[in-house]
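Asks: Build me a structure from this.
(one chain, ligands or ions: 2)
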Amino acid sequence: MTFSINGRSVAAVPAPGQCLRTFLREQGCFGVKKGCDAGDCGACTVWLDGVPVHSCLTPAFRAEGRAITTIEGLERDGRLHPMQQAFLDAQGFQCGFCTAGMIMTTATFDEAARRDLPRRLKGNLCRCTGYGSIADALDGKVNVEADVAGNACGASLSSPFAHDIVTGQARYTLDTAPMEQMLHLKVLRSPHPHARIKAINSEKAAAVPGVVAVYTWRDVPRRLYSTATHEDHLVDPDDTYILDDVVRFVGQRVAAVVAETVGAAEEACRLLEVEYELLPAVFEADAAMKPGAPVLHERSIAFHDNIYVDIHGELGNVAEGFRDADVMYEQTYSTSRVQHVHLETHGCLAWRGDDRRLHVRTSSQAPFITKQKLSYLFGIFDRDVHVFTERIGGGFGGKQEMLCEDLCVLATLLTGRPVMWEFTREEQFIGATTRHPMKTRVKLGAKRDGTLTAIQVNVVSNTGAYGGHGGETLAAALGSPIAAYRCVNKKADGYAVYTNMVPAGGFRGYGASQTTFAIECALDDLARMLGISPFEIRRKNKIHATDRIESIWKEPSDVVMGSYGIDQCLDLVEAALASGRGDPIPEGEDWREGTGVALSMLESGPPTEHRSGAEMRLLADGTYHLAVGSTEMGNGSTTSHRQLAAAVLGTRAGRIAIINGNTDRTPYDTGTFASTGTVVAGQAVEKTATALRDVLIDFASREFRCDPADCRLQDDTMLCGNRTISLAELHAAGAAQGDRFEVRRKAYLSPRSVGFNVHGARVAVHRVTGEIRILQSVHAADIGRLINPMQCRGQIDGAIAMGIGWALTEKMVYDANGAMVNAALRDYRIPAFADIPRSEIYFADTHDSVGPLGAKAQGECAINAVAPAIANAVTDATGVRFVDLPLTPDRIFERLGSRHGPPRKAYR
Ligand code: FES
Ligand code: FES
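Replies: Residues are numbered from 1 along each chain as shown. Ligands and ions are numbered 1, 2, ... in the order given. Predicted structure coming up:
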């Protein structure tokens, strides 16, 4: 068969039933991505005879004789297509995994289509951008600024990978030609929430042509570990085996098959015969804590029965605080189980190199910790394992987990052959981690003027079948959301509980999102009871700039107020909501309008355990090389790292080549999570660049006999008094004397600062259909100095969109057996272009004393205030408090009553 791919004639025969997506990737078109393989996400969009199609739904043979165009074929005569240029100018991406598909769809738009974006873009999803920068690209906006020497910090500079992203050349985790002898791995997952595996018959599976091996729990090292990746291995329970003889949730790995093709591995999995002894299961955390509930783990793992960890603390005396109160308010709030839905699913490729070492190419946010875990599990010397990342297609905490590397490595060690495993979207839902659902009881006491006299919080967190991140997220839940408010008397109790559900893990906001939702809703209701405004109650009780940041447990804290922008954030949001901007309420008597606000505070990074290193050197041509251990998953850390280094060295960011996330080629980094890319790795970069600058100045002053005070780096030169020496010349002079101009520095995350976010929403609620429309979305963030304003806006836009999804649509739904029933993007419903309003985004003018060049964490905290602000706006509109997320139309309808009746009651 002959295909025309990007004007090139290709003779090839697709496999029976093969889709065009995988066929094109086999031809080297790696710009054709997979987000779902079900026609939902658009990441695989290509043109057939100029018409965009989802290539995952198109049989490859149907493309024979037709003109196929992929993102790689869009350039003409070395010139970008205007839509590629538009995405480049606006930087209409973050991780960029959706970008090729977005461009292939939008490049066909005429004026009418551009006026109808909500409908025309419904087949292309983006999880990172909140669609703000994508809309900018379609509006022809230019967001990038010129790269000017000495002006790197604070400029909206382009990502170093921008051109590769818009042309489809950027390489993500599995964008690589198949290795010789490469095998594919697939797993059989448990259909039962709790069962003992009595026997596995693999005879039929092994007989499938192409199957090389089947592995069960008998074939793996019997070593307990945690899939969570933290610097301190003691913060997560070692409660997991690579493969186990007990399954504890629907979706747990039962057996693995490696085969010559994905199809053979999948067929073999279907033919495995497993004999289970069913065990009683428990799905809700409250029920799992009760005496007599089925117990998931041995006592040596769970502290008592199913409670993996409990945390208790008190400041002052809450009983007295409630006695002193004029009013009290108490309510229980619950948040749902949601998934990260990074568009790139988990993936890994492992092989033995010619050096006999193990090489692992992975989508992990923490390659260095993954390397440690692999060394431990398989008893391999650390030096014999190399783990690295390419560009990662989104993470949001979901890839702070070792979910696929272990089995790929096992199979590579046992077969001696390269092994690849890529999660399907369904596996991502049923076999990866989620946000912890939490039930939070909040009790507040206050004086009549709104001054808080007592805060009491009780959290029950459902950590699922395994406990990784269970303790750390619980601690975060009981930390900053409570510390954000001044009150002498505070008490908190928390429990992380094992259940027979898919394990929860790290997720943007990391536990604090859930309690921020509860506390911010409760505070709003308290203000309503007292007849004061939601802004006033927050201003009256918020933490002050000179306050110590106290946790409810008595250990000394390393959290400091490195900068303080909460007042500015509240003022900015209040003014914006009062401006009259945004959409008017829709016509019709059943619409109700309301506004809401919420505040969040979050530490710039995880507690006392994060390390990062950077290495920098001057190259012979006078440019720089920067190596950083952190990973790039769309958070923009490579862009800001180059800018930080360029600012210190007085040069342009474009003169700095950067590599990252590679255990052989970059210094150590704990991992890119909890916003540490900017704060910790950024500090390492700043220190390293400063040290290199000092080394260069020291050498120049000696070599050219000039006072160091008169030596200065300026773009590609060193100014020594009135002499100008090119950096290439300087390098040559150094090389002649054996100087390498290479430095390494490390950073450690302590002390930590805090960031603040305030979100405001004006909504319309239809009391009959339960529809909620966001009429105005306003956000103010205190993230210190903006290293790259465009990128900061992008992070906030993305966090708002994720917060809106959490508030309104997203929920993993399970049947009575604990099996997820909406494990597909079309049923789970992350926000599409049509669902997200353009937000007004403001930044407080602050400069942090802790973070690199005054910057603070940005990507994490912003999400926390979004859902409570929307929930508070809904309450303002309807007079009814909705205490469970998401605020779906059926829930609204149920509480608001019939078409003709008034709202049934105010508050529960
Ligand atoms: S991969 Fe084809 S639409 Fe998602
Ligand atoms: S930039 Fe769109 S999914 Fe990451």
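
Asks: what about W217, neighbour count?
Replies: As a burial measure, W217 scores 18 neighbours (other CB atoms under 10 Å). Yep, even glycine has a C-beta here, placed from its N, CA and C like the rest.

Asks: cool, and R171?
Replies: Residue neighbour count, defined by other CB under 10 Å, stands at 14 for R171.

Asks: pretty sure it contacts F30?
Replies: Yes - between R171 and F30 there is a contact at 6.7 Å, judged by CB atoms under 8 Å.

Asks: Can you read off the pLDDT for F673?
Replies: F673 carries a pLDDT value of 81.

Asks: can you tell me which residues contact Y131?
Replies: Residues near Y131 by CB atoms under 8 Å, 6 or more residues apart in numbering: 121, 797, 801, 833, 836.

Asks: Pick out the most distant pair among those residues.
Replies: Farthest-apart pair in these is L121 and D797; separation 15.5 Å (CB to CB).

Asks: Counting neighbours, go ahead and name the busier of those two.
Replies: For L121 and D797, the more surrounded residue by other CB under 10 Å is D797, and the numbers stand at 27 against 23.

Asks: quick one, what contacts that one?
Replies: 129-133, 839, 841.

Asks: what kind of secondary structure is it in?
Replies: With DSSP: H, G, I helix; E, B strand; the rest coil as the basis, D797 sits in helix.

Asks: Quickly note the distance from V211 to E203.
Replies: V211 is 11 Å from E203, where distance means CB to CB, to the nearest Å.

Asks: Which one's more surrounded, the two?
Replies: A side-by-side neighbour count of V211 and E203, using other CB under 10 Å, places V211 first with 23 against 10.

Asks: And the more buried one, how far from K186?
Replies: Between V211 and K186 the distance is 10 Å, computed by CB to CB.

Asks: Spit out the residues that contact these two alike.
Replies: Joint contacts of V211 and K186 (CB under 8 Å, 6+ apart) are 257, 259, 265, 268.

Asks: Would you confirm that the third one belongs to a strand?
Replies: No - counting by three-state DSSP, one finds A265 to be helix, located in no strand.

Asks: so what's it up against?
Replies: Residues counted as contacts of A265 (CB under 8 Å, 6+ apart) are 184-186, 210-211, 257-259.

Asks: What score does it have for pLDDT?
Replies: The model's pLDDT for A265 equals 98.

Asks: per-residue confidence for R908?
Replies: 31.

Asks: and what of T663?
Replies: Note on T663: pLDDT of 97.

Asks: just E894 next, same as before
Replies: pLDDT, read off for E894, is 87.

Asks: likewise T690?
Replies: The model's pLDDT for T690 equals 97.

Asks: Go ahead and report the secondary structure state at it.
Replies: Going by three-state DSSP: T690 is helix.

Asks: With G140 instead?
Replies: For G140, the assignment made with three-state DSSP gives coil.

Asks: Helix or strand: which one has the closest residue in space to it that isn't next to it in sequence?
Replies: Excluding the flanking residues, the one nearest G140 by CB to CB, 6 or more residues apart in numbering is A86, at 6.1 Å. Using DSSP states H and E, A86 maps to helix 82-90.

Asks: What of W421?
Replies: strand 419-422.

Asks: elements contacting that strand?
Replies: If you count contacts as 3 or more CB pairs under 8 Å, 6 or more residues apart in numbering; DSSP states H and E, strand 419-422 packs onto strand 183-189, strand 347-352, helix 405-415.

Asks: Tell me which residues are up against the last one.
Replies: Here helix 405-415 makes contact (CB under 8 Å, 6+ apart) with 183, 185, 187, 212-213, 215, 219-220, 242-243, 253, 256, 258, 348-352, 358, 360, 362, 364, 370, 373-374, 377-378, 387, 417-421.

Asks: Can you give me the buried ones in that helix?
Replies: 405-412 (16 or more other CB atoms under 10 Å).

Asks: and the residue nearest the centre of the chain, how far is that from G770?
Replies: Geometric centre of the chain, nearest residue: F396, 0.9 Å, by CA atoms, centre = their mean. F396 is 28 Å from G770, where distance means CB to CB.

Asks: Please apply the same query to I800.
Replies: Where G770 is concerned, I800 sits at a distance of 22 Å (CB to CB).

Asks: More neighbours: which of those two?
Replies: For I800 versus G770, the count of surrounding residues by other CB under 10 Å is larger for I800: 29 against 17.

Asks: got a pLDDT number for whichever residue of the stretch 701-850 of the chain sits closest to ligand 2?
Replies: Using CB to the nearest ligand atom, G798 is the residue of the stretch 701-850 of the chain that sits closest to ligand 2, at 8.1 Å. For G798, the model assigns a pLDDT of 96.

Asks: From the rest of the structure, what touches the strand holding W421?
Replies: 34, 174, 178, 182-186, 258, 345-351, 404, 407-408, 411-412.

Asks: Mark which of those are buried, thanks.
Replies: For these, a neighbour count by 16+ other CB under 10 Å gives the buried set as 34, 174, 182-186, 258, 345-351, 404, 407-408, 411-412.

Asks: quick one: the residue of the chain most remote from its centre and G622, what's the gap?
Replies: Here the chain reaches farthest from its C-alpha mean at R705, the gap being 51.0 Å by CA atoms, centre = their mean. The spacing between R705 and G622, counted by CB to CB, is 21 Å.

Asks: next one: Q791
Replies: 27 Å.

Asks: Nearest to ligand 1: which residue in the stretch 701-850 of the chain?
Replies: Of all residues in the stretch 701-850 of the chain, L825 sits closest to ligand 1, at 7.4 Å by CB to the nearest ligand atom.

Asks: what does the average pLDDT come to for stretch 514-531?
Replies: On average, stretch 514-531 scores 98.

Asks: Only C-alpha atoms, please: export it in CSV.
Replies: In CSV, the C-alpha atoms belonging to stretch 514-531 read as follows (Å, rounded to 0.1, in the frame of the first residue of the first chain):
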residue,chain,number,x,y,z
GLN,A,514,-9.5,20.0,50.4
THR,A,515,-9.4,21.7,53.7
THR,A,516,-9.1,25.2,52.1
PHE,A,517,-12.5,24.3,50.4
ALA,A,518,-14.0,23.5,53.8
ILE,A,519,-12.6,26.3,55.8
GLU,A,520,-13.3,29.0,53.2
CYS,A,521,-16.9,27.8,52.8
ALA,A,522,-17.4,27.8,56.6
LEU,A,523,-15.9,31.2,57.0
ASP,A,524,-18.3,32.5,54.3
ASP,A,525,-21.3,31.0,56.1
LEU,A,526,-20.1,32.5,59.4
ALA,A,527,-19.8,36.0,57.7
ARG,A,528,-23.4,35.5,56.4
MET,A,529,-24.6,34.7,59.9
LEU,A,530,-23.0,37.8,61.3
GLY,A,531,-24.1,40.0,58.5
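
Asks: domain ranges for this structure?
Replies: If you go by automatic domain parsing, the domain ranges for the chain are 2-167, 183-279+343-394+399-431, 438-606+752-896, 611-748.

Asks: Distance from the chain centre to the longest one, please.
Replies: By that I understand domain 438-606+752-896. Chain-centre distance of domain 438-606+752-896: 17 Å, with CA atoms, centre = their mean, to the nearest Å.
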